[in-house]
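[1] Let me see the structure of the following:
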Amino acid sequence: MDTAATIVVKGLVQGVGFRYFVYINAVKLKLTGYVKNLYNGDVEIEVEGNRSLIEELMKDVTVGPRSAHVSDIMIEWKDPTHHYDQFSIK
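    Below you'll find the predicted structure:
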C-alpha cells in the first residue's frame, strides 16, 4: 500500500553529497518525491511509495554517504498526494 512521508535529517548532511546519495537510493527503490537542503543545515526528504520501501530508504539515510554524519531523523507519515512522477533533487 502506498503512503507518504516527510523526513528531516539532522547532522553533517550538507556539502557531503547527501542529497545525491538519497536520490540514487530513492530511484533504485522506485520512490517518488524530492530531497532538498534546508536553510538551517538539515535535509528534507518528501517521499511517496510503498511503506516498506520508504522504511528501507530510511535505513540507508540513517547511515548516509561516508562523509556525512547523521545525528537525528524525524519522520511524519501521511497520505500520498501522487503529485510526483519521479524523484528529484531540489
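
[2] contacting residues for residue 42?
    Applying C-beta atoms under 8 Å, 6 or more residues apart in numbering, we find residue 42 in contact with 8, 9, 10, 13. (Glycine included, C-beta is placed from N, CA and C.)

[3] The first one: how many residues sit nearby?
    As a burial measure, the neighbour count of residue 8 was computed by other C-beta atoms under 10 Å and equals 16.

[4] Need the three-state assignment for the closest residue to it other than its chain neighbours.
    The shortest distance from residue 8 to any non-neighbouring residue, by C-beta to C-beta, 6 or more residues apart in numbering, is to residue 74 (4.6 Å). Under the three-state scheme (DSSP: H, G, I helix; E, B strand; the rest coil), residue 74 adopts strand.

[5] what about residue 74, neighbour count?
    Using other C-beta under 10 Å, residue 74 has 11 neighbouring residues.

[6] still on that earlier bit, biggest separation within the contacts of residue 42, which pair?
    Maximum pairwise distance among those (C-beta to C-beta): 9.9 Å, between 8 and 13.

[7] Now the common contact residues for those two.
    42, 43.
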